[in-house]
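**Student:** sequence plus predicted model, see below.
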Amino acid sequence: MAANDTNSSQVGQRRQTVVSPPAAQAPAGGDPAFWGWLNEYLNAILGIAVLGGQITFTVIVSDIADPSTLGLNDPSSFPTSSPIFSKEKVRFLIALSWLFFTSTLGLGVLTKVLVASGPLSTSSGPVSASGRRAFTAVYGTLTLLLNALPIGAFLLLALAVVAYSPVVGWIAVGLIGIFGLFVLFLWFILDSGI
């Protein structure tokens, strides 16, 4: 019976140490779950940036349809008013979107290098209080940019869609705007606690 009590107390101790990490440990410290999450987050951001940059670049260098010529054969297929954006403005919006995706790619790779093989590669994070404050400021700025740039790129693409299909484009602009505000709100709430 005493052996069972000893085994059950050891199991309870193991559960307690696994479930409750030290309260003083901040996410920027040696928490492997934080570094694992950051690595997966950066992988997702890099994937979005690579695909978005590749697709937008392909559209930039190809010939795109002029929005003013759409529906000339069938007047009922397009509103009688002229399109909101000209062909040159649509190309400019897509080019800006490509720039945002490319900037996201550069920042994501830089962050990944710093996390994987730079000064933070030990997964211990900054040790001193000033190091923690600097890490928090850099981390907050990078996550804001890594969230805002792709959303801005998609917003620009939605504006380009407005020239070809106004209803769908404006709905996309509204939804992406709401999503962007939600992400900004989450960023503020989550990053202010670090």
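**Tutor:** Arrived safely, thanks for sending.

**Student:** for G108, which three-state class applies?
**Tutor:** helix (DSSP: H, G, I helix; E, B strand; the rest coil).

**Student:** pretty sure it contacts L146?
**Tutor:** Yes. If you go by Cβ atoms under 8 Å, G108 and L146 touch, sitting 6.2 Å apart. In short, each C-beta sits where N, CA and C put it, glycine included.

**Student:** and these two? which has more neighbours close in?
**Tutor:** G108 (25 against 22; other Cβ atoms under 10 Å).

**Student:** rewinding a little: list residues touching both of G108 and L146?
**Tutor:** Residues touching both G108 and L146 (Cβ atoms under 8 Å, 6 or more residues apart in numbering): L42, I45.

**Student:** and the residue positioned nearest the centre of the chain, what does it touch?
**Tutor:** Nearest to the mean C-alpha position of the chain, counting by Cα atoms, centre = their mean, stands N147 at 3.4 Å. For N147, the contact set (Cβ under 8 Å, 6+ apart) comprises V183, L184, W187.

**Student:** in terms of helices and strands, where is it?
**Tutor:** Using DSSP states H and E, N147 sits within helix 129-164.

**Student:** same check on T56?
**Tutor:** helix 32-61.

**Student:** output the contacting helices and strands for that helix.
**Tutor:** With contacts defined as 3 or more Cβ pairs under 8 Å, 6 or more residues apart in numbering; DSSP states H and E, the secondary structure elements packing on helix 32-61 are helix 87-117, helix 129-164.

**Student:** would CSV of these with distance to I60 and mean pLDDT be doable?
**Tutor:** Shown next, in CSV, are the helices and strands packed on helix 32-61 (distance: least, Cβ to Cβ, whole Å; pLDDT from 0 to 100):
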stretch, distance to I60, mean pLDDT
helix 87-117, 5, 90
helix 129-164, 11, 87
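
**Student:** turn these into JSON lines, including distance to I176.
**Tutor:** Converted to JSON lines, the helices and strands packed on helix 32-61 look like this (distance: least, Cβ to Cβ, whole Å):
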{"stretch": "helix 87-117", "distance to I176": "12"}
{"stretch": "helix 129-164", "distance to I176": "5"}
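
**Student:** L70: which of those is closest?
**Tutor:** helix 129-164 (6.5 Å; Cβ to Cβ).

**Student:** avg pLDDT for the next helix or strand after that closest one?
**Tutor:** Elements were assigned by DSSP H and E; along the chain past helix 129-164, the next helix or strand is helix 166-191. What helix 166-191 shows for mean pLDDT is 90.
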